[in-house]
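Trainee: Sequence plus the predicted model coming up.
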Amino acid sequence: MRILSALLIGLVFGCGIVLSGMGNPAKVLNFFDLAGGWDPSLILVMGGALAVTYLGYRAVLRRPAPLLDRAFHLPKSRVIDARLLGGSAVFGIGWGITGFCPGGALPMLGTGNTGVLIFLAAMTAGILGARSAIRWLDRHGAKPAPFRH
């Protein structure tokens, strides 16, 4: 049942990405082009997603547990550290350069677009490289100091 629910949730998400046009890298890049053909639709899609997420979390977290698990698995850390900031920066730079983010690229795999395939290969290489770097840093005792806010 968990796999079926994950499949249905993924289909709804993918359909939302496609219907909103967020799988089109030109549409996303036009959002970042303030001096040219600026397209504000990305902020509207994000705002809608945040509103649905906010309301959904408020409703779901009132339950003692999720329907298909024994407990909620929520992040426990609230630390803003170099890894979080670095990862966020790399994500943003990659999104701004390519116009793809993982959520927008995966539903577009079926199009056969070469740019999607290149992006996903680069993303996979980046994930594997980051994991290797983190393991190396952990083995050598390099722990970044948390950001104090």
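Mentor: Looks like it came in fine.
Trainee: in the chain, which spans are helices?
Mentor: Remark: helices assigned in the chain by DSSP state H are 2-20, 25-32, 41-60, 82-98, 102-105, 114-139.
Trainee: Average pLDDT for the fourth one, rounded please.
Mentor: Across helix 82-98, pLDDT averages out at 88.
Trainee: Tell me which other helices or strands it touches.
Mentor: Applying 3 or more Cβ pairs under 8 Å, 6 or more residues apart in numbering; DSSP states H and E, one finds that helix 82-98 contacts helix 25-32, helix 114-139. Any C-beta I mention is one placed from the backbone N, CA and C, and that applies to glycine too.
Trainee: Can you give me the buried ones in the last one?
Mentor: Burial within helix 114-139, assessed by neighbour count using 16 or more other Cβ atoms under 10 Å, is assigned to 116, 119-120, 123.
Trainee: try the first one
Mentor: Judged by neighbour count (16+ other Cβ under 10 Å), helix 25-32 contains these buried residues: 25, 27-31.
Trainee: Need the residues that contact it.
Mentor: Helix 25-32 is contacted by residues 21-22, 36-43, 95-96, 98-101, 104, 115 when judged by Cβ atoms under 8 Å, 6 or more residues apart in numbering.
Trainee: how about a cut-off of 6 Å?
Mentor: Applying Cβ atoms under 6 Å, 6 or more residues apart in numbering, the contact partners of helix 25-32 are 21, 37, 39, 42, 96, 99-100.
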